[in-house]
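Engineer: Sharing a model that was predicted from the sequence below.
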Amino acid sequence: MRKALPILALALLASACGTSVQRMDAGEVKDVSGRWNDTDSRLVAEEMIADCVAQAWYPRALKETGGKEPTVIVGTVRNQSSEHINTDTFVEELQRALINSGKVEFVASKKERGEVRDERLDQDTNSSEETRTAHGQETGANYMLSGTLNQIVDQEGGKAVVYYQTNLKLLNMKSNKIAWNGQKKIKKFVKRSKASW
């Protein structure tokens, strides 16, 4: 029995230090660090796009296009916060919200267009005449959406208020006029040990 106690104690210690993984629903909200996360990205995109397509520029754009949905492209969203924020994920959320709104046509990003153009060049050489896609048939965007992610941290000891401000602008590609200017704010109160700040 005495020989078994150290082994049992060692086994209990090892199990206490092990990694535990719990699967979650992708839509479940769980703030662990207080930093910008997937929920922030999704909610900000959905709210801002819903506001964007509900504003005064939209009926004017429909009038200009003869009732046809205006075409939008998402440009650069710059991270100006002190955190590492994957803005590609946020841009994808914006694109998804724009497409799912059903209010606009949407064109591919600069990088995606480059891949499509490379494929068309390849088709010129390798595809039959009947199936080849011709150059010069792309749809141009009427508007470009771009913006910034900003952050202010007010910290004292183990407490902090983390404030995020997302600014997006919709620019008319023809006139360079700002058709819509949106802003979404998030504020989080975070308590943690002083050593982890």
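Structural biologist: Happy to help now that I have it.
Engineer: can you tell me the helix or strand for the residue nearest the centre of the chain?
Structural biologist: Nearest to the mean C-alpha position of the chain, counting by C-alpha atoms, centre = their mean, stands residue 90 at 0.8 Å. Residue 90 is part of helix 87-101, with elements assigned from DSSP states H and E.
Engineer: quick revisit: contacts only, for the residue nearest to the centre of the chain.
Structural biologist: Going by C-beta atoms under 8 Å, 6 or more residues apart in numbering, residue 90 touches 41, 44, 45, 77, 149. (C-beta placed from N, C-alpha, C; glycine too.)
Engineer: where do the strands sit along this protein?
Structural biologist: Shown for the chain, the strands assigned by DSSP state E span residues 71-79, 105-106, 143-156, 159-172, 178-191.
Engineer: Against which helices or strands is the fourth one packed?
Structural biologist: In terms of contact count using 3 or more C-beta pairs under 8 Å, 6 or more residues apart in numbering; DSSP states H and E, strand 159-172 is assigned the packing partners helix 38-53, strand 143-156, strand 178-191.
Engineer: at 10 Å what do you get?
Structural biologist: Counting contacts by 3 or more C-beta pairs under 10 Å, 6 or more residues apart in numbering; DSSP states H and E, strand 159-172 packs against helix 38-53, helix 57-64, strand 71-79, strand 143-156, strand 178-191.
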